[in-house]
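Enquirer: This is the structure alone, sequence omitted:
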Ligand SMILES: [Zn+2]
């Protein structure tokens, strides 16, 4: 639960129910070995879980930047707009719910 940056009303989603201001919730900082809360909506269902992050990889046109437990390869020349990112980790306490309209 956060407060609308425009009118200060408590907001539980992405859009303030009082003034209609769209805003994003604070982005959790992710790091290897850290547990981060994830909510993913698709087709009216929200999947919620905590993710114990074990790997992160970003790649474009053959350049790869990755961080993983135990070993790591780092290339700092990612530059194209077509950037693909994947994360891996262990899901803890997965659950799902229907989105209320
Ligand atoms: Zn508002």
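Expert: Right, received. Where do you want to start? This structure is a prediction, so every number in the text was calculated from the model and none was measured.

Enquirer: only C-alpha atoms for contact and neighbour calcs from this point on.
Expert: Noted.

Enquirer: check contacts around the nearest residue to residue 18 once chain neighbours are set aside.
Expert: Closest residue to residue 18 apart from its sequence neighbours, by C-alpha to C-alpha, 6 or more residues apart in numbering: residue 9 at 7.2 Å. Counting by C-alpha atoms under 8 Å, 6 or more residues apart in numbering, residue 9 touches 3, 16, 18.

Enquirer: Got the phi and psi for the second one?
Expert: Same thing as residue 16. Taking degrees, to the nearest 10, you get phi -70, psi 130 for the backbone angles of residue 16.

Enquirer: Residue 59 is in what secondary structure piece?
Expert: According to DSSP states H and E, residue 59 maps onto strand 45-60.

Enquirer: Just the mean pLDDT for that strand, thanks.
Expert: Taken as a whole, strand 45-60 carries a mean pLDDT of 83.

Enquirer: Name every strand pairing with that strand and say which way it goes.
Expert: On the basis of DSSP bridges, the sheet neighbours of strand 45-60 come out as strand 35-42 (antiparallel), strand 63-68 (antiparallel), strand 84-98 (antiparallel).

Enquirer: Please identify the deepest-packed of those.
Expert: Highest mean neighbour count of the strands paired with strand 45-60: strand 63-68, a mean of 17 (counted as mean count of other C-alpha atoms under 10 Å).
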